[in-house]
Each structure stands twice: as structure tokens, then as C-alpha cells.
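Asker: Need coordinates for the below:
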Amino acid sequence: MKTMIAFWSILKKDILNYYLKPPNISWGIIFPLSWTLMQLMRSEGNLGIVELLPGLMAMSVLFGTTSMLAVTITFERKGRSFDRLLLAPISISILVVAKILGAILFGIINAFIPVIFAAFFIDLSRINWGLTIVAIIFIAVTSALMGLLIAVSAKEVFEAQTLSNFFRFPMLFLCGLFVPLDKLPVVLKPLSFILPLTYGTDILNGSVTGNSVFSAIINFVVMLAFVILLFYLCQRNIKKKWIL
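Answerer: Here you go, the predicted structure:
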């Protein structure tokens with residue numbers, strides 16, 4: 001019971017205190033929103049919007065989750081409040097889940113902003129919504145864990161956002177969001193296959209457009225493996241940098 005109270009308290013504090021912080025608004029809300037509007041305006045008819053939608057959804061999740069973690073972790077590290085959380089009678093695993101859950105929810109909400117805009121232009125009834133929602137959840141979880149892994153190593157918000165951009169912007173072009181994987185140069189393809197966002201975007205491509213490189217089962221298995229690996233690395237990083 002005490003663990004659940006602590007879990008909810010951490011999640012509630014993050015939602016109330018950090019969702020509307022300026023760095024989170026600029027990178028987590030305004031950038032995905034402006035990019036979505038720009039891409040939809042320059043799309044070539046209904047077919048163009050359908051092809052862009054999976055990439056826009058994945059990008060919105062990526063920037064929303066990583067921006068949220070960059071804000072929450074670095075502000076708390078600077079204010080020493082995260083150190084107090086480490087002293088609380090809860091496990092590191094519960095603490096990590098509590099910290100990333102707010103970012104995951106924020107990213108999931110962000111994912112449907114492009115969907116709302118696209119609904120004004122195209123019929124979305126043919127989309128496999130069950131597969132789409134599960135894909136969005138997996139993308140949000142892996143993105144949040146990557147954001148936490150980066151944020152733990154940063155001391156300031158601008159440093160965390162800069163480090164995040166070092167990974168986020170290349171992923172826009174390497175993970176099949178806007179450039180199909182088969183059109184990537186041969187030397188870049190190996191990089192795309194070691195990024196979890198590639199497999200999440202592939203699921204979205206399959207559920208929205210019907211075109212995917214791998215089967216949904218393979219994509220989900222690979223993403224689950226990334227979740228386990230990133231979760232382990234986040235716990236290890238926290239223990240190494242902030243406890244030992």
C-alpha cells in the first residue's frame with residue numbers, strides 16, 4: 001500500500017509540476033505540433049497525408065516523452081529532490097516506472113495530435129486502431145526510457161535537451177519516419193536497425209498504410225527486448241551515478 005501511495009505521489013507531482021515547463025512546451029508540444037502542420041500542409045493530397053501520419057505520430061511521441069524526462073529529471077537533480085526520492089523506502093524499479101509513466105502518458109497524448117488534424121482531411125476508419133495503440137504505447141515506453149537514460153547523465157535542462165537532440169533528429173531520418181528504410185543508403189541501414197523507434201514506426205506503417213518491412217510479431221518482440229535492455233541500463237545508470 002505504501003509503495004502504491006509513493007508511486008502515485010511521484011506521478012502526480014511530475015504531472016502537476018513539469019507538464020507546462022517552458023522547455024517541455026517548446027520541444028514536447030510546439031515542435032511536434034509545428035512539424036505536423038508543416039508536413040500536412042505540404043502533403044500531396046489524401047495519399048500523402050496517410051503516408052506521413054505514422055511518422056508524425058512516432059515523432060510526436062518521441063519528442064513528447066524525451067522532453068518530459070529532460071525537464072523532470074534535470075530540475076529535480078538541480079533541486080536535489082531526486083536525491084530525496086532515492087532515500088524513500090521504494091525500489092529503484094518502482095522509482096523508474098513512476099518517473100517514466102508521466103512521460104509515457106504525455107507522449108501517448110501527443111501521438112493523437114497528428115491524428116486529430118489528419119481527421120479533417122482523410123477517412124481514418126481503415127486504420128487498425130488496436131495495433132496502432134499498442135505500437136504507440138511501445139514507442140512511448142522505449143522513448144521514455146531513452147530519455148531517462150540521457151537525462152540521468154545531464155546536469156541542466158539545456159544540456160539534457162541538447163543530448164536528446166543529438167539522438168532525436170538523426171532518428172527522424174534513420175527510423176523510417178519520413179524516409180522509407182529501403183531508400184536509405186546502405187551504410188546507414190545498420191544504424192536504423194539498432195534503434196527501437198524503427199520497429200515502432202514499422203508497426204505504425206503496417207497499421208495505417210498496410211506497408212511494413214517486418215511482421216508485427218517480430219517488431220513487438222524486438223521492442224520488448226529494447227524495453228528490458230533500456231530499463232536495466234536506466235537502473236544501472238541511476239545506481240552508478242547517483243547512489244554509489
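Asker: Is residue 204 within a helix or a strand, and which one?
Answerer: helix 196-208 (DSSP states H and E).
Asker: need the longest helix for the chain.
Answerer: Ordering each helix of the chain by length in residues (DSSP state H) puts helix 45-78 first.
Asker: Helix 45-78 and the helix holding residue 204, what's the angle between them?
Answerer: Angle of helix 196-208 versus helix 45-78, following axes from the mean of the first three to the mean of the last three Cα atoms, to 10 degrees, is 150 degrees.
Asker: Can you give me the buried ones in the longest helix of the chain?
Answerer: Under the neighbour-count criterion of 16 or more other Cβ atoms under 10 Å, helix 45-78 has 49-77 buried. Just so you know, the C-beta spots here come from the backbone N, C-alpha and C atoms, and that holds for glycine as well.
Asker: cool, stretch 147-162 as well?
Answerer: Across stretch 147-162, burial judged by 16+ other Cβ under 10 Å covers 147-152, 154, 157, 160-161.
Asker: end-to-end on that stretch?
Answerer: Terminal residues of stretch 147-162 lie 12 Å apart, using Cα to Cα, to the nearest Å.
Asker: Tell me who's in contact with residue 74.
Answerer: 151, 154-157, 159-160 (Cβ atoms under 8 Å, 6 or more residues apart in numbering).
Asker: Then residue 170?
Answerer: Going by Cβ under 8 Å, 6+ apart, residue 170 touches no other residue.
Asker: which element follows the helix or strand encompassing it toward the C-terminus?
Answerer: Counting by DSSP H and E, the element that carries residue 170 is helix 157-174. Downstream of helix 157-174, the first helix or strand assigned by DSSP H and E is helix 189-192.
Asker: List the contacts of that following helix.
Answerer: Applying Cβ under 8 Å, 6+ apart, the contact partners of helix 189-192 are 174-176, 181, 184, 198.
Asker: Now find how far off-centre it is within its chain.
Answerer: Here helix 189-192 is found 19 Å from its chain centre; the criterion is Cα atoms, centre = their mean, to the nearest Å.
Asker: Stretch 51-61 too?
Answerer: For stretch 51-61, the distance to the chain centre is 11 Å (Cα atoms, centre = their mean).
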